[in-house]
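Chemist: below are the sequence and a predicted model for it; my questions follow.
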Number of protein chains: 2
Amino acid sequence: MSQRSREIIDEIEGEILAGKISPGVRLPSEEKLCERFGASRTVIREAIQQMRGKGLLRTTKGSGTYISDPSLDSLATVMEAYASLVVEAGFNELIDFRILIETECARMAATNAGESVLKELRAVLDRMEKVKGVRAKFSKADIAFHLAIAKGSGNRIYAGVLGAMERRIIEYAQTNRGDIDWYSGVIEAHREIVDAIALGLPDKAAEAMRRHLVSSKRHFLDLESLGGET
Amino acid sequence: MSQRSREIIDEIEGEILAGKISPGVRLPSEEKLCERFGASRTVIREAIQQMRGKGLLRTTKGSGTYISDPSLDSLATVMEAYASLVVEAGFNELIDFRILIETECARMAATNAGESVLKELRAVLDRMEKVKGVRAKFSKADIAFHLAIAKGSGNRIYAGVLGAMERRIIEYAQTNRGDIDWYSGVIEAHREIVDAIALGLPDKAAEAMRRHLVSSKRHFLDLESLGGET
DNA sequence: ATGGGAAATCTGTATGACAACTTGGGAAAA
DNA sequence: TTTTCCCAAGTTGTCATACAGATTTCCCAT
């Protein structure tokens, strides 16, 4: 497997991560790169496309190709793609991963979250109360809740990684669960978490979050073993 | 920004993650896709290249394009690219992320690790003792140590995510640190972790790992504030 | 039935051309 | 001189065509 584009990718990536080219800087034009690597424009473009897929490059028609600044979006995009593949093979592992990160998010949020985050959390709680029973809307609010906490942690990596998985996990895990008791239970758990964060109690917030997620996981596994498929 | 390839990517990705196409299955040939989307082969290929970059597709010359099975490598590739970009902006956050995951890995390894993992860990310890003082080799062994523990956790996500960051973090963090006391300290900390895992003591293993990493982080930050740059 | 080889299929690369868009600078106007 | 406007050069996006190199399929001769 020769793959001319592979070599080119390796070389350019190498320069990027060696710091020779910094985020925001424009890459030489495709034509220039053709000269430099002695390859056709086709190959150069294939290399660029692949790096774009990774989120390493960003192109603007008419202007040029630029090194991405490390937007969390790019990480999220890729992790989402990955999560969608792994979802069947190792859903358990993915959930455990999520529990680990979110528990830590809650803990950190209790010390770092400002008033604006708390306000957002309370707004989401109200919304969940309002849409109780409507699964699609409830899920959406649920996701918003967890992302808000991740944001409140102050660590952008957590928020990025989590945002990548959240939607898919919740969609997947909440299939076939519609009784009103369950909705109320979720809201109650969320409220407990918010209270702990508001009071600035890291351990309590972490513990509440962990309990909430572990119970979700159990619910999901029960449903699955009963054959709860779409 | 129209971006014909964008639409195609969205559609194909949508089908993949909706489960309409499963890992291992072959995608229709480029020509067929041209017909289906009413686009030129160029556009189809650009879409494919980008998804290849994400690790979503795998192509074999002469045979076809296939949906990747969720190999951890693909995630690692992408996270590595990301880590290289974020490394300047939020190195602290990246390290905290690592500490969180590795602590959990150590905890889980204490209950899940089999004899083979323990054997590997001990072998790595010996090797570190042998190359004490040679920074490049020591770093390599250091990475191997942490990855072995991640593997011993039994959760492939941890191992994948960590493998993606490990090399870059350690390379970056160990710059300018060469005195013999430091090497000994690292080995001592590692030995403590291995012992706890061998005895099957989750909390102790986790605590030892956390102490080790937090101390590394502090060392690194000290060096940095003194102007320790490449 | 089987083995071998040719044909069909498929991805990788090269070339040339044009469209769509951005950018910078120069000409024209104030 | 300063400002405004427009266009020309530069750059990426898309198309069509052709052929090389690898793999797979299938048919024919043994």
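Modeler: Received it, and whenever you're ready, just let me know what you need.
Chemist: and the strands in chain A, which stretches?
Modeler: In chain A, the strands defined using DSSP state E lie at A:57-60, A:64-67.
Chemist: dump those strands into CSV; add distance to chain B and mean neighbour count as well.
Modeler: In this view, the C-beta of every residue, glycine as well, is placed from N, C-alpha and C. Formatted as CSV, the strands of chain A follow (distance: least, C-beta to the nearest C-beta, whole Å; neighbours: other C-beta atoms under 10 Å in any protein chain shown):
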stretch, distance to chain B, mean neighbour count
strand A:57-60, 8, 17
strand A:64-67, 8, 17
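Chemist: closest to DNA strand C out of the ones you listed?
Modeler: For DNA strand C, the closest of the strands of chain A is strand A:57-60, at 5.8 Å, according to C-beta to the nearest atom of the strand.
Chemist: give me the domain ranges for chain A.
Modeler: Under the assignment automatic domain parsing, the domains of chain A span A:4-67, A:73-225.
Chemist: give the buried residues for stretch A:181-197.
Modeler: Residues A:Tyr183, A:Val186, A:Ile187, A:Ala189, A:His190, A:Arg191, A:Glu192, A:Ile193, A:Val194, A:Ala196, A:Ile197 are the ones in stretch A:181-197 that count as buried (16 or more other C-beta atoms under 10 Å in any protein chain shown).
Chemist: can you check stretch A:91-108 too?
Modeler: Of all the residues in stretch A:91-108, those buried under the rule 16+ other C-beta under 10 Å are A:91, A:93-108.
Chemist: let me know the average pLDDT across that stretch.
Modeler: Stretch A:91-108 shows a mean pLDDT of 90.
Chemist: equivalent analysis for stretch A:47-57, please.
Modeler: For stretch A:47-57, mean pLDDT is 91.
Chemist: chain center to that stretch, what's the gap?
Modeler: Mean C-alpha position of stretch A:47-57 versus that of the full chain (C-alpha atoms, centre = their mean, to the nearest Å) differs by 19 Å.
Chemist: do it and DNA strand C come into contact?
Modeler: No - residues of stretch A:47-57 are not located near DNA strand C by C-beta under 7 Å from any atom of the strand, the shortest gap being 8.5 Å.
Chemist: hey, where'd the helices end up in chain A?
Modeler: A:4-17, A:30-37, A:41-54, A:72-89, A:91-112, A:115-130, A:135-152, A:156-173, A:180-199, A:202-225 (DSSP state H).
Chemist: nearest residue to A:Leu199 other than its sequence neighbours?
Modeler: Spatial nearest neighbour of A:Leu199, chain neighbours left out: A:Ala110 (7.8 Å); criterion: C-beta to C-beta, 6 or more residues apart in numbering or on different chains.
Chemist: so that neighbour sits against A:Asp195, correct?
Modeler: No - A:Ala110 is beyond contact range of A:Asp195, at 10.3 Å (criterion: C-beta atoms under 8 Å).
Chemist: now do the same for the nearest residue to A:Leu118 once chain neighbours are set aside: its pLDDT.
Modeler: Among residues not flanking A:Leu118 along the chain, A:Ala198 sits closest, at 5.7 Å (C-beta to C-beta, 6+ apart). Note for A:Ala198: predicted pLDDT of 95.
Chemist: burial measure for A:Lys218, as a count.
Modeler: Quick fix: residue A:218 reads Arg, not Lys. Neighbour count for A:Arg218, taken as other C-beta atoms under 10 Å in any protein chain shown: 10.
Chemist: cool, thanks, signing off.
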